[in-house]
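Peer 1: Quick one, fold the following:
(chains A and B)
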2 protein chains.
Amino acid sequence: MGEDIDDEVVTVLSTEECWAALRADEFGRLAYALGDEVGLVPVNYAVDDAGRDGPTLLFRTAEGSKLLGVLLHPQVVFEIDRYDEHEASSVIVRGRARRLEEDEAHRAEQLPLRPWVPTLKYDVVEIVPEQLSGRRFVLERPWLHARLDA
Amino acid sequence: MGEDIDDEVVTVLSTEECWAALRADEFGRLAYALGDEVGLVPVNYAVDDAGRDGPTLLFRTAEGSKLLGVLLHPQVVFEIDRYDEHEASSVIVRGRARRLEEDEAHRAEQLPLRPWVPTLKYDVVEIVPEQLSGRRFVLERPWLHARLDA
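Peer 2: Numbers count the residues shown, from 1 in each chain, chains lettered A, B, ... in the order given. Now for the predicted structure:
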C-alpha cells in the first residue's frame, strides 16, 4: 500500500548507522507484553560490548519491579528517536529481554546507566537484539497551510 | 517492593500537568499488540479538543498502513518524554484507538499534524484516553563514580 510514498524523504539506516545512533543516545522506550496488556516505559540504557555475541542493551530496574514482568514474555521492542525542525530519525530494536545473573551484573557497573527511579538494589536487564531497523525522515509541515487557512 | 524509593526524587504529575505536557509536545511513541507481537512506532500527534468527551490524541497514518492493525486490538499505550541533565519526565496515556470516519477526519485538518511518512492519502487515528499518568524524576548520575573508578 506504499505506492504513494516518496522514497526521497525516507532513508533506511544501515545496521552500522543504527548502532551509531544507539551508542549516541541514552534514553529510549521499552514496549512489552504483560498478559493481555501492552506496557511502555522510558528507560535509561547503555550499549554493552561485553556480551559474547555482539553488542546488547542494558538497563537497570528496581529490584522486584513490575518491569521484570518482561521476563515472562521476553520478546520486547525498544525504540530511540530524535528530531528537529527538518528531519526525524528512529531506531527500533526487536529482541529478547533477560535478567543478568549475579555473576554478570557487574557488566552494568562500567556503563553510564542511571535508573529513572533510584533505589538501593537493582536488577540489570539485557536486551539481546534480534532485529534492528532505522529510518530517517524529512519532515514536512503541512499544518502551516492548515493554519494559514484556519 | 518500592520501600527503597526516595519520594523526593519522583514527583507524580497531576492530570492537568499531564495534559499540559501533551499539548506542549508533538512527537510520541505508540505501543500496541498485533497478534502475539508488540509494535512500537514514533508518531507525530496533536491534542484535539473537538471530541465530545474531552481531549483526545490524533495522528495520521498512510492509508492502509500496518499501523491500522491497532484497530484490531485497540488497547494502546502512548508515551511522551523529555529530559535534560538534571531531570526527566514522562507521560503515559492508556486508551483505545479508533479510526476517524470520513465525516470526522476533517478534525485533523486544523491541527499541526505531520506524518513521518508522506503519502497522498491518510487515515486519521484517534486515541481516546482512559488513563493518564505522569512522573518527573530527578536524575542522578552514578556512572560518574563508575567512570572515576574505571
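
Peer 1: in chain A, which spans are strands?
Peer 2: A:10-12, A:27-34, A:37-48, A:56-62, A:75-83, A:87-99, A:122-138 (DSSP state E).

Peer 1: Look at the closest residue to residue A:131 other than its chain neighbours and say how many residues are nearby.
Peer 2: Nearest non-adjacent residue to residue A:131, counting by Cβ to Cβ, 6 or more residues apart in numbering or on different chains: residue A:94, 4.1 Å away. Using the backbone N, CA and C atoms, a C-beta is placed for each residue, glycine as well. Neighbours of residue A:94 under the rule other Cβ atoms under 10 Å in any protein chain shown: 18.

Peer 1: now do residue A:28
Peer 2: By other Cβ under 10 Å, 24 other residues sit near residue A:28.

Peer 1: so what's it closest to, chain neighbours aside?
Peer 2: If the residues on either side of it in the chain are set aside, residue A:28 comes closest to residue A:80, at 4.3 Å by Cβ to Cβ, 6+ apart.

Peer 1: who touches that neighbour in this structure?
Peer 2: Neighbouring residues of residue A:80 by Cβ atoms under 8 Å, 6 or more residues apart in numbering or on different chains: A:21-22, A:25, A:27-29, A:90-91.

Peer 1: for it, which residues make a bridge with it?
Peer 2: For residue A:80, the beta-bridge partners are residue A:91 (DSSP bridges).

Peer 1: quick revisit: which members of the contacts of residue A:80 are the farthest-apart pair?
Peer 2: Farthest apart among these by Cβ to Cβ are A:21 and A:29. That separation is 14.2 Å.

Peer 1: Please say which of the two ends up with more neighbours.
Peer 2: Set residue A:21 next to residue A:29 and count neighbours by other Cβ under 10 Å: residue A:29 wins out with 25 against 19.

Peer 1: Just give me the neighbour total for the residue nearest to residue A:12 when sequence neighbours are not counted.
Peer 2: Leaving aside its sequence neighbours, residue A:12 sits nearest to residue A:135 (Cβ to Cβ, 6+ apart; 5.9 Å). Counted with other Cβ under 10 Å, the neighbours of residue A:135 add up to 18.

Peer 1: Likewise for residue A:90?
Peer 2: Count around residue A:90 with other Cβ under 10 Å applied: 23.

Peer 1: Then residue A:11?
Peer 2: Burial of residue A:11 is recorded as 15 neighbouring residues (other Cβ under 10 Å).

Peer 1: again with residue A:16
Peer 2: As a burial measure, residue A:16 scores 8 neighbours (other Cβ under 10 Å).

Peer 1: distance of residue A:133 from chain B?
Peer 2: According to Cβ to the nearest Cβ, to the nearest Å, residue A:133 stands 11 Å off from chain B.

Peer 1: Could you pull up the contacting residues of that residue?
Peer 2: A:12-13, A:18, A:91-92.

Peer 1: what about the residue nearest to residue A:127 when sequence neighbours are not counted, neighbour count?
Peer 2: Distances taken as Cβ to Cβ, 6+ apart place residue A:57 nearest to residue A:127, at 4.2 Å, with adjacent residues excluded. Neighbourhood size, residue A:57 [other Cβ under 10 Å]: 24.
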